[in-house]
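> 3D model of this:
(one chain, ligands or ions: 1)
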Amino acid sequence: MSEETLKGQTALVTGAAQGLGKRTALALAAEGVHVVVHYGSSEHEAKELRAAIAAQGVRAWTIQADLSQPEESERLVGRAVELAGPLDILVNNAASFDPSTPSNVTFDQVAKSAALNAWAPFALSRAFAGQERPGKIVNLLDTRIVGYDRSHVAYILSKHMLAVVTRMTALEFAPAITVNAVAPGLIVLPEAKESCAQELAQALPLRRHGDADDVVDAVMFLLRSKFITGQVIYVDGGRHVRESAGGAQ
Ligand SMILES: NC(=O)c1ccc[n+]([C@@H]2O[C@H](COP(=O)([O-])OP(=O)(O)OC[C@H]3O[C@@H](n4cnc5c(N)ncnc54)[C@H](OP(=O)(O)O)[C@@H]3O)[C@@H](O)[C@H]2O)c1
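Residues are numbered from 1 along each chain as shown. Predicted structure coming up:
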């Protein structure tokens, strides 16, 4: 068998109270995985999610940490293990997506994005590997690391850093742990407005936007695989191919 069942394992999902993190946490629960729901400020949503997960017959916990603060990132895995026992799965999903351009970006913006979007996944991954047991890590990248987005400079720099972290930790933590990434493109969550996305989607090779399930399916595939590490799956309707071909359709 090239795939494994995740049933009975325990996962920590960062930024799980809403968005793609929430959908990932629910998909894990549906597969029989116990879930530690990390949140930053969305306490109410995190508690609602914990109840929804528990209703699926698995265990769930909530845990708060501001992952823009390195000392909180360093401690999160240890705190999660105290709550839930050893972790088998880590999904580094939490991130901020703040605007900044080449002409106005500041050092503080770059440092803040790097702390949350790259250092936190690295610190969590290192602590996760420190458990000295087999495990799976998936990092959430962004298809923009292939193209050029001049309106989110600090964010893009941090996601490039996370792409390097993915490869570095895949080698450092092998053979016990696999480390992979999913790079979403234009994803429309159920709560978002469709109209603008439909228009933007026309510029993509597949002429459609993605849904949360498209991303979650890729995350679950990587978590089930036993022989894939250091890989990035672009879930972006072909955008990275067009970008790497210089923008040609
Ligand atoms: N959605 C897309 O189309 C898309 C496209 C490309 C890449 N991605 C990537 O996919 C991942 C999920 O995206 P999303 O759209 O679902 O994001 P989102 O809705 O903005 O959620 C991100 C989560 O990160 C958490 N977070 C933000 N700042 C934090 C902090 N300082 N400390 C702790 N947690 C913090 C938030 O938790 P609280 O609400 O609890 O504060 C939030 O739930 C991200 O890594 C993103 O870069 C998404």
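> Which stretches in this structure count as helices?
19-30, 43-54, 70-84, 107-114, 120-129, 153-172, 194-201, 212-224, 239-244 (DSSP state H).
> how about the longest one: buried residues?
To tie it back to what came earlier, the one meant is helix 153-172. Counting neighbours by 16 or more other C-beta atoms under 10 Å, one finds that the buried residues in helix 153-172 are 153-163, 165-166, 169-170. From N, CA and C alone the C-beta is placed, and that goes for glycine too.
> orientation of that helix relative to helix 120-129 in degrees?
Orientation of helix 153-172 against helix 120-129 (axes from the mean of the first three to the mean of the last three C-alpha atoms, to 10 degrees) gives an angle of 20 degrees.
> For the remainder of this discussion, apply numbering that starts at 881.
With the count now opening at 881, the last piece we talked about shows up as helix 1033-1052.
> and helix 1033-1052 with the ligand, contact?
No. Applying C-beta under 6 Å from any ligand atom, one finds helix 1033-1052 separated from the ligand by no less than 6.8 Å.
> Mind giving me the packing neighbours of that helix?
helix 987-994, helix 1000-1009, strand 1015-1020, strand 1057-1064 (3 or more C-beta pairs under 8 Å, 6 or more residues apart in numbering; DSSP states H and E).
> now that helix against strand 1015-1020, angle please.
160 degrees.
> what pLDDT, on average, does helix 1033-1052 get?
The pLDDT scores in helix 1033-1052 average 98.
> Repeat that for the shortest one.
Across helix 1119-1124, the average pLDDT comes to 95.
> One more: the fourth one?
Per-residue pLDDT over helix 987-994 has a mean of 98.
> now the angle from that helix to helix 1033-1052?
Using the same axes, to 10 degrees, helix 987-994 lies at 40 degrees relative to helix 1033-1052.
> from the middle of its chain, how far away would helix 987-994 be?
Taking C-alpha atoms, centre = their mean, to the nearest Å, one finds the center of helix 987-994 at 19 Å from the center of the full chain.
> and of the helices of the chain, who's closest to residue 943?
helix 950-964 (5.8 Å; C-beta to C-beta).
> Run through the residues that contact the nearest residue to residue 999 once chain neighbours are set aside.
Leaving aside its chain neighbours, residue 999 sits nearest to residue 950 (6.1 Å; criterion: C-beta to C-beta, 6 or more residues apart in numbering). Residues counted as contacts of residue 950 (C-beta atoms under 8 Å, 6 or more residues apart in numbering) are 995, 999-1000, 1003.
> nearest spatial neighbour of whichever residue of the chain sits closest to the ligand, skipping sequence neighbours?
Minimum separation of the chain from the ligand (C-beta to the nearest ligand atom) falls at residue 899, amounting to 2.3 Å. Closest residue to residue 899 in three dimensions, ignoring its sequence neighbours and counting by C-beta to C-beta, 6+ apart: residue 1069, at 6.0 Å.
> Kindly provide the distance from that neighbour to residue 1077.
10 Å (C-beta to C-beta, to the nearest Å).
> go on, residue 940?
31 Å.
> For those two, indicate the residue with more neighbours.
Neighbour totals were compared for residue 940 and residue 1077, and residue 940 leads with 24 against 16 (other C-beta atoms under 10 Å).
> that older thread, could you provide the helices and strands packed on helix 1033-1052 in TSV, with additional columns for mean neighbour count and distance to residue 1085?
Listed next are the helices and strands packed on helix 1033-1052 as TSV, based on neighbours: other C-beta atoms under 10 Å; distance: least, C-beta to C-beta, whole Å:
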stretch	mean neighbour count	distance to residue 1085
helix 987-994	16	29
helix 1000-1009	24	29
strand 1015-1020	26	22
strand 1057-1064	25	15
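> The ligand contacts on the chain?
Going by C-beta under 6 Å from any ligand atom, the residues of the chain near the ligand are 895, 897-901, 919-922, 946-948, 973-977, 996, 1020, 1022, 1064, 1067.
> Can you check which of the helices and strands packed on helix 1033-1052 gets nearest to residue 911?
So among the helices and strands packed on helix 1033-1052, strand 1015-1020 is nearest, using C-beta to C-beta, at 12.5 Å.
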